[in-house]
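Participant: Everything below, folded, please.
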Amino acid sequence: MKRLILGFILLLLMGTSALATTAGKITGVITDAATGETLPGANVTLEGTRKGATTDAEGRYLILAVDPGMYSLTATMVGYGTEKKEAVQVIVDYTSTVNFALKEASLELAELIVVAERPPVEPDKTTSKYVVSSADIQAVPQVRSTSQLIALQPGMALDGTNRIRGSTTRAQTGTQVGYYIDGIEVDRSLLTGVNTTAIQELSVLTGGMNAEFGNAGAGIVSLVTKEGRGNFSGRMEYKFTPAGKKHWGRDVYESPNFEDNVQWDNPDWVNETYMDPGPDRTLGTSDDVERMAHERVDYTDNLGHRLEGTLGGPLARDFSFFASLSYARSPARFPAAEQVSDDPPRMQATLTYRPGADIKVKALGMYQRSDQFQGSTRNNAQNIFFPEDFSASGTYKLSRQLQVLTLTHTLGKNTYYDLRFFYNKYDRNVFDVPDATEAVRKDKAGFFNLPTLLRQYTEEEDTKYGIKYDFVSQVNRSHLIQTGLVLTQRAYHRTHENFANTKSRFLEFVADGFELGKNVKPWTLNLYVQDKIEYGGLVANLGLRWDYYNFGRNGSMGEALGKSPMYSTFTRARYEMDHLDSSTPTMTALSPRVGLSHPITDRLAAHYFIGRSNIFPVLLETHRRQFSSEAPDNDLNGNGMIDETEKWNAMEVHTTARQPSDGMEPQRTTSMEIGVDWNFVSDYTASITAHYRRDEGLYASNNISYWVDPLKGQSAQVNAIRNTYWQTARGLELSLKKTFSNNFQFNLSYNAEWVRDPGGIHYGKHSANWYILPDADFISAGHYWTDWEVQSDGSERPVPLTSEQVADISAKAEANIVSWTEQAGRPGPGAGPWQPPIKTNENGIWTASNGQVFSAEPTSGQRRNQLSLQLYYATPMAYGPKMGAINPFGGLRMSMIYRIFSGAPFEYVPPVGPREFRTGTPVMKTDLYAAKDFRNIGNLRPTLFVEVSNLFNEKSTESRNSDFTYVQYGQRLPPPDDTEYLLYGDPNEATRYRYQPREVEIGLEIQF
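Facilitator: Numbering: from 1, shown residues only. This is a model prediction of the structure:
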């Protein structure tokens, strides 16, 4: 395998080529304006860069590795006049065709300047791809979150659930949507933390994808960050949020949810006090503190501020930079540990070095950080009277960072490569975590909680670093051959403890063996090759991708071994590594993809796609271990203390643990689509795409597994992860877009989807129950024992079986295998028959199963209909009549965003008749932004703006008191005859609605 991988890498590096995911290309023909003949030897230069080209014998030119954005392109030739094309837009992975017709030179002939127009439909679009340029982002200035910007694109879920075309979130599916920054795969939180002002181009692929993208089933979101240009420019924005109540209903201290448990007219209740045990957490000592039990705070009297700035330009010869920083202080919606919280600062910066026309070096740095409370804090429920800054479980510091160094080297006019080195780290450190969980304390009435400590925390570190190589070659006019590789090394550990009360303990961890805090080190290799074939009436993208995943650890994945007598506790499970022989688990996947585009005319094009994607499991699902206990650890050596070797010895394998299992494979997605783009009039373009996707072998965690012991029989259950879930999604995706002209533009998107899955606890044939059986080889190899010997340090050592025990237990194990084999085909506990045992582990582990079959039903999170409208209106500075020196109607900008989507389906069981599936009420929201640009003051251009969120104060909600009352009475509130509702009101009035009430914010923007 290692030789095969090495050979494939060498082939990629030496032989073929690849298209980088962050660049486009420009091509065209230069002709004589009078005769129409092509002009060999003409020169084309890309202004603001050192790039250019010379036409060949057929008058054609090609410029590769062009960053996305707007450019001016100039054509010159001896004996001819100069022609400049302005506003040439370059889009990642697309070809921009710019032709020139030069006139013979004369003394009077000046430079001819023409505004270029991008074709209304992309002739080489072979899959559904929606591109958002920096100009498009400026048309929705109220969208400052990258996640909100993504959600507005066709095919994306408007409800913020990170779905593309109904992609599933029910099963343990890993990555349904892939996220990329400057060509490097990242997690969603890092990408959505990028300031929108730092984005040069954002692309959303909602259907198929080229071979350079992988480990995603539903689609891809890719962004390219801005770089500095030749001139200094910058922007500063301040937004002010006024104080006020930011939720529906009454003040939460008067909430109907509390019923008669609040007594603000009772002086004894208002003045009630309690003793807090202070830092030593022991009542009756000198550090005790007397506190008010029912202290009320004005949580509505807090202001909000947001500041964002960008700066870019040249640093020195050949060097340029761009930087973006945002910071906000946001008022809390309800009483909280902090009434005004610091939102995580978001910082991005790029440094670009261009020593020549053939070389560019770009360094990207990103950093996000936040300090948060963990565990129980003050809220709008029974913790409402907790002191400010109190946290039951301490605090944690969360940081994310990304560094990417990219070398782009052009090798001649038709070839270039990108070489990227990347480092990506996620870090969660915890502080002041209590040693134990305290007993719950209440006020005198026994309703409201008093502050007590809870041992609950998550400590985590995830580091990814590696190399990405892409090589591009336009081998001839029709073929752009692409190939590339990504090698990623990972170092990860995670420790999570939750002691829910004074007795219960729960431990979940990912570590190298059982050394908590020690990293596991899995790694991946991704290889791809693709040919982009361009003929006049046909463009094809033919791609093939190969993925390899090395778990970076040894150890069996036999999920029910934790219920065996050998490995039943945390301290005993350590011996699995010593007694079970296991090579490092690996996964491989091959993904072929075909995309076609048929440009029928320059205003009408059709595209087709069919392809396979494979998704590896997230690391947590393949490396997690979970233990729990209701009892304290045991002092086995009797020395009056719990030694380090005795720690966790009462913790048993958690029954509902999501354990990895033998035989796990990559999840598989097959996508198909057919679409048409039509520029039917002027600058109005419509797109319609019909799509179908089938997800198979998705990971589901509710597969029940049992250890079948040769002596004790069937054990308690363990929940295991297997490839037993599936889903289908089909639908229509429509887009109507008008580019900016006549002072306005708009983008209308509509999605209709039908998503179905099994909907039950167990998801597929033969997936309900799994039985893990050892055979005689397992027993005789010394993998089985029943007794333990306590050592002087409190540790335990397994007692080997005697030869007589080995013979007896081996015979019983073989009898088990025979018995389970004989019952194959007979009806099992579920709807499926028993399956014969299959050997699944080289140590002598066999697996038998029986299953259940479920009919398909609507996915719980499906949105049958979704529609969004983005409308932008702007006037030039000199627009309209003047009033003195002012144009009151000039420099006006207005942006409106409207969203509406169906409620989610729910199951309704009527009093009589079969169950039905109904749809919840629609959810809608409108946001408005209005601004006035003023004339420059020196080099500064000021702008005043106002933002209105939830303009029409929509109380959209999907919350229902119950499905039956919703259908019976047609209302989401409790039934009209509910006595408590009539007496107190809606207990969920403050939290029932998806969006907050209307909020008006004002701000100032300055550009230079």
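Participant: those strands in the stretch 801-950 of the chain, which residues are they?
Facilitator: 835-841, 845-850, 857-858, 865-874, 892-901, 905-908, 916-919, 923-933, 941-949 (DSSP state E, counting those that start in this stretch).
Participant: got these as TSV, with mean neighbour count, distance to residue 44 and mean pLDDT columns?
Facilitator: The way it works is simple: take the backbone N, C-alpha and C, and place the C-beta from them, glycine included. Listed next are the strands of the stretch 801-950 of the chain as TSV, based on neighbours: other Cβ atoms under 10 Å; distance: least, Cβ to Cβ, whole Å; pLDDT from 0 to 100:
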stretch	mean neighbour count	distance to residue 44	mean pLDDT
strand 835-841	17	62	84
strand 845-850	23	65	85
strand 857-858	18	55	74
strand 865-874	19	32	96
strand 892-901	19	35	96
strand 905-908	16	56	84
strand 916-919	13	56	84
strand 923-933	19	35	96
strand 941-949	17	33	97
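Participant: Please name whichever of those strands is nearest to residue 281.
Facilitator: strand 941-949 (43.2 Å; Cβ to Cβ).
Participant: And this protein, what are its domain boundaries?
Facilitator: Using automatic domain parsing, the domains assigned to the chain come out as 2-115, 129-228.
Participant: still on that earlier bit, which one, of the strands of the stretch 801-950 of the chain, ends up nearest to residue 287?
Facilitator: strand 941-949 (45.8 Å).
Participant: Return the angle between stretch directions for the closest one and strand 923-933.
Facilitator: Taking axes from the mean of the first three to the mean of the last three Cα atoms, to 10 degrees, one finds strand 941-949 and strand 923-933 inclined to each other by 160 degrees.
Participant: Each with direction, which strands does strand 941-949 pair with?
Facilitator: Its sheet considered, strand 941-949 pairs with strand 923-933 (antiparallel), strand 999-1007 (antiparallel) by DSSP bridges.
Participant: Show me the one of these that comes nearest residue 573.
Facilitator: Once these are compared by Cβ to Cβ, strand 923-933 is nearest, at 46.8 Å.
Participant: quick one: the strands in the stretch 51-200 of the chain?
Facilitator: According to DSSP E, counting those that start in this stretch, the strands that the stretch 51-200 of the chain contains are 52-54, 60-66, 69-76, 83-90, 95-97, 100-102, 112-115, 129-133, 177-181, 184-186, 199-205.
Participant: most neighbours per residue, which of those?
Facilitator: Highest mean neighbour count among the strands of the stretch 51-200 of the chain (mean count of other Cβ atoms under 10 Å): strand 184-186, with a mean of 25.
Participant: who does that strand touch, helix- and strand-wise?
Facilitator: strand 177-181, strand 395-410, strand 415-431 (3 or more Cβ pairs under 8 Å, 6 or more residues apart in numbering; DSSP states H and E).
Participant: helices or strands next to the longest one in the packing?
Facilitator: In terms of contact count using 3+ Cβ pairs under 8 Å, 6+ apart, strand 415-431 is assigned the packing partners strand 60-66, strand 184-186, strand 395-410, strand 456-474.
Participant: Least reliable of the strands of the stretch 51-200 of the chain by average pLDDT, please.
Facilitator: Among those, strand 112-115 carries the lowest mean pLDDT, a mean of 68.
Participant: Can you show me the helices along the stretch 1-150 of the chain?
Facilitator: 2-14, 134-138, 146-151 (DSSP state H, counting those that start in this stretch).
Participant: same thing with the chain?
Facilitator: Along the chain, the segments classed as helices by DSSP state H run 2-14, 134-138, 146-151, 188-192, 267-270, 570-573, 576-579, 619-623, 776-778, 803-822, 963-969, 979-984.
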